[in-house]
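Chemist: Whatever this is, show me its structure:
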Amino acid sequence: MSFIFLLASLSILGWSWSCHADMIADICSQSHTISPVTCARTLRSDPRSRGAYLNTLGQIAIKKAKVAVKNTATVAKSVTNLNNMGAVSVCVRVCSSAIDDLNTIAEMLKHSDKSHKNDIPITLSAAATFVETCDDTFAENLGGEPAEVKEASTIAQGLILVVLIIAGMLP
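Modeler: Below is the predicted model:
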């Protein structure tokens, strides 16, 4: 009898885990800014992702997006030269604003307050726009946007989109 219970429990556990793994794949397949593989690898790199529900996945995605936005600012600083000091300054400032927006979203998701549900996409859109401003500022610069800034920015914007996808799936 206990063997059957153990076997049934393991089957349910395996099914539950595969559903969550599929949830990450489903979320990542909707992201058009970063590859689904990069998205899934990023979300799964957090140990909390295994068996996580949407709210926890949202918190993980926010954490990863904040790291990516900080990385964008760091990469921008690393390419500073006499021709792009203004662009670097703008990029660092707008990345800071994007992180503030992501912190706001993290608080909204923690409290699961439905009254803020309509504010989430607007705030996430603002965060993504801030990071995109970094791209635009460099693109308008005499030397253009360095490839490493563009890559960091694309990842940050993609992870912000993942947060938006998850937020849209929340009840």
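Chemist: tell me the contacts of Glu132?
Modeler: Ser153, Gln157 (CB atoms under 8 Å, 6 or more residues apart in numbering). Glycine gets a C-beta too; all of them are placed from N, C-alpha and C.
Chemist: Read off the pLDDT value for it.
Modeler: The model reports Glu132 with a pLDDT of 96.
Chemist: and if you look at Ala167?
Modeler: pLDDT, Ala167: 91.
Chemist: who are the neighbours of the one helix or strand it maps to, in terms of helices and strands?
Modeler: Element membership for Ala167, per DSSP states H and E: helix 147-169. Packing contacts for helix 147-169, counted by 3 or more CB pairs under 8 Å, 6 or more residues apart in numbering; DSSP states H and E, involve helix 2-29, helix 36-44, helix 54-78, helix 85-111, helix 119-140.
Chemist: which one of these has the most crowded surroundings?
Modeler: helix 54-78 (a mean of 21; mean count of other CB atoms under 10 Å).
Chemist: Helix 36-44 and that one, what's the angle between them?
Modeler: Counting by axes from the mean of the first three to the mean of the last three CA atoms, to 10 degrees, helix 54-78 points 110 degrees away from the direction of helix 36-44.
Chemist: For helix 54-78, name the packing helices and strands.
Modeler: helix 2-29, helix 36-44, helix 85-111, helix 119-140, helix 147-169.
Chemist: rewinding a little: worst mean pLDDT among the helices and strands packed on helix 147-169?
Modeler: When I compare those, helix 2-29 is least confident, with a mean of 54.
Chemist: rewinding a little: give me the angle between the helix holding Ala167 and helix 36-44.
Modeler: 70 degrees.
Chemist: how far off helix 85-111 does helix 147-169 point, in degrees?
Modeler: Going by the same axes, to 10 degrees, helix 147-169 makes 20 degrees with helix 85-111.
Chemist: Compute the number of surrounding residues for Asn81.
Modeler: 9 (other CB atoms under 10 Å).
Chemist: Surely it is in contact with Gly143?
Modeler: Yes. Using CB atoms under 8 Å, Asn81 is in contact with Gly143, at 7.4 Å.
Chemist: Now do Ile62 against Asp22, distance only.
Modeler: 21 Å (CB to CB, to the nearest Å).
Chemist: Repeat that for Asp100.
Modeler: Taking CB to CB, one finds Asp100 at 33 Å from Asp22.
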